[in-house]
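Asker: with the input below, show me the fold.
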Amino acid sequence: MSRRRRLGYLFKHASLRLAELTGPALEPYGIDGREFAVLSVLGVAEPLSQLEAAQRLRIDRTTMVSLVDALERKKLVGRRPDPGDRRRNIVELTEHGRETLDGALRAVDAAEEAFLAGLPEDDAQLLRDLLDRLIG
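Answerer: The predicted structure is shown next:
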């Protein structure tokens with residue numbers, strides 16, 4: 001099997017190509033891909049603790065704390081004690097965070113569409129479905 005057909009190679013280079021599109025798309029919103037991921041997870045209906053958000057993103061607690069700290073400095077998220085458990089912090093999007101996420105979602109959607117533009121629509125959806133099953 002040639003090096004170009006190995007999954008590691010294919011995933012790495014596909015990821016780099018997607019990052020080349022999403023990075024610049026997120027720049028106007030003052031966030032990067034990791035911060036976008038955190039905002040996306042926090043943008044769900046129910047409030048999440050830092051730990052719950054970290055678990056959903058599959059990142060360690062220390063990394064999550066530094067990401068939330070950075071987003072808090074940008075006034076995109078706020079922390080508050082969980083009324084049911086004082087040891088937990090709930091992290092929520094601020095109004096500015098919600099507006100940023102809304103714009104960033106549209107920008108990332110356009111970047112992903114550009115990334116998949118070389119595929120027929122059915123193949124693009126199949127790729128998404130297969131990747132979702134693999135990481136499921």
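Asker: tell me which strands the helix or strand of the chain with the lowest mean pLDDT pairs with, and in which orientation.
Answerer: Counting by mean pLDDT, DSSP states H and E, the weakest-scoring helix or strand in the chain turns out to be strand 85-93, with a mean of 89. Paired strands of strand 85-93, with direction, are strand 48-49 (antiparallel), strand 77-82 (antiparallel) (DSSP bridges).
Asker: what's near enough to touch the closest residue to Asp82 other than its chain neighbours?
Answerer: Counting by C-beta to C-beta, 6 or more residues apart in numbering, the nearest residue to Asp82 once its immediate chain neighbours are dropped is Arg88, at 3.9 Å. Bear in mind the C-beta positions are built from the backbone N, C-alpha and C, glycine included. Taking C-beta atoms under 8 Å, 6 or more residues apart in numbering as the contact definition, Arg88 lies against Ser49, Gln50, Leu51, Pro81, Asp82.
Asker: ranges for the helices of this protein?
Answerer: Listed in chain order, the helices of the chain (DSSP state H) span 7-26, 33-42, 50-57, 61-73, 95-115, 121-135.
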